[in-house]
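Enquirer: sequence? don't have it. structure:
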């Protein structure tokens, strides 16, 4: 092979490797930016947790507050989960139907959405307050949720007993390849919770609502900050080295 041809092939190979390295470095730097945003969010959460300390519910007058309390019945009194039959302070039941396999639509049909008649509450020795339950089945990050979930799946090929809350006509109209899923989310009474949020005229709108204590939630955020810092610096440094070194190589060969 002639030297000029061999050199051209070598240069092409180096350019290809450098281009791949530049792209990989850029991806790593982009990932570092995303992790940085998550890190800043965790940092804000840690600052809020440090600044807002638990106080007696009876002393709340408004603004951002926190408490370590227990779940309690709301203004509607004792409730029973329509699916489980268990005593609770609040529940939400949803019935969905998955479409036929022959359908190109991967979504589901919401057939039933029933919620307890009133918000749940939290209480301590000084008082109680209602708590907005929206989003409580999706706790912030990995904080353990206060609610419990029960799911029941029903198919014509595998029938199971369904509670009275499910209308019979829905079951009778179910097609062979369709599936019903009944989900109950309920909040038991007397569960120790840490709650942090804003007081409104209706009650507490929580930003944190978990079975962890304040100390445990704060410790988890501090651990996340340490891991996030290492991740951001690691991805950023490796990405910068790859992208920067590859850019130098490409500029030299251009």
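Expert: Happy to help now that I have it. Bear in mind the structure is a predicted one, so any value in this text is a computation, not a measurement. Residues are numbered from 1 along each chain as shown.
Enquirer: for the stretch 151-254 of the chain, what spans make up the strands?
Expert: Remark: strands assigned in the stretch 151-254 of the chain by DSSP state E, counting those that start in this stretch are 179-187, 192-199, 204-210.
Enquirer: any idea of the mean pLDDT in the shortest one?
Expert: Spelled out, it's strand 204-210. Averaging pLDDT along strand 204-210 yields 93.
Enquirer: Which residues does stretch 47-62 contact?
Expert: For stretch 47-62, the surrounding residues in contact (Cβ atoms under 8 Å, 6 or more residues apart in numbering) are 64-69, 122-129, 194, 196, 199, 207-208, 214, 217-218, 221. Quick note: C-beta positions are derived from backbone N, CA and C, even for glycine.
Enquirer: List the buried residues in that stretch.
Expert: 48-49, 52, 54, 57, 60 (16 or more other Cβ atoms under 10 Å).
Enquirer: Also stretch 148-158?
Expert: The neighbour-count check on stretch 148-158 (16+ other Cβ under 10 Å) flags 148, 150, 152, 154 as buried.
Enquirer: do stretch 125-137 as well
Expert: 128-133, 136-137.
Enquirer: same question, stretch 81-96
Expert: For stretch 81-96, the neighbour count (16+ other Cβ under 10 Å) marks 81-84, 88-96 as buried.
Enquirer: that older thread, got the strands of the stretch 151-254 of the chain as TSV, with distance to residue 22 and mean neighbour count columns?
Expert: Shown next, in TSV, are these (distance: least, Cβ to Cβ, whole Å; neighbours: other Cβ atoms under 10 Å):
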stretch	distance to residue 22	mean neighbour count
strand 179-187	47	22
strand 192-199	45	19
strand 204-210	41	21
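Enquirer: so which of these gets nearest residue 27?
Expert: Evaluated over the strands of the stretch 151-254 of the chain, closeness to residue 27 peaks at strand 204-210, with 32.9 Å, by Cβ to Cβ.
Enquirer: hmm, who's touching that closest one?
Expert: 48-49, 65-66, 122, 129-132, 136, 139-140, 143-146, 193-199, 217.
Enquirer: Compute the inter-axis angle for it and strand 192-199.
Expert: With axes from the mean of the first three to the mean of the last three Cα atoms, to 10 degrees applied, the angle from strand 204-210 to strand 192-199 works out at 150 degrees.
Enquirer: so how far is strand 204-210 from its chain's centroid?
Expert: Per Cα atoms, centre = their mean, to the nearest Å, the displacement of strand 204-210 from the mean C-alpha position of its chain is 14 Å.
Enquirer: and it with strand 179-187, angle?
Expert: Comparing the axes of strand 204-210 and strand 179-187 via the same axes, to 10 degrees yields an angle of 100 degrees.
Enquirer: Below-threshold pLDDT in the stretch 151-254 of the chain: ranges please.
Expert: The model of the stretch 151-254 of the chain has pLDDT under 70 over residues 254.
Enquirer: at 80 instead, please
Expert: Scanning the stretch 151-254 of the chain for pLDDT under 80 picks out 249-251, 253-254.
Enquirer: What segments of it are helices?
Expert: Per DSSP state H, counting those that start in this stretch, the stretch 151-254 of the chain has helices spanning 168-172, 214-253. These are given in chain order.
Enquirer: Tabulate these in TSV, adding columns for mean neighbour count and distance to residue 33.
Expert: As requested, those are exported to TSV (neighbours: other Cβ atoms under 10 Å; distance: least, Cβ to Cβ, whole Å):
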stretch	mean neighbour count	distance to residue 33
helix 168-172	11	47
helix 214-253	15	8
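Enquirer: Would you format those helices as a markdown table with distance to residue 161 included?
Expert: Putting these into a markdown table (distance: least, Cβ to Cβ, whole Å) gives the following:
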| stretch | distance to residue 161 |
| --- | --- |
| helix 168-172 | 11 |
| helix 214-253 | 39 |
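Enquirer: Good, we can wrap up now.
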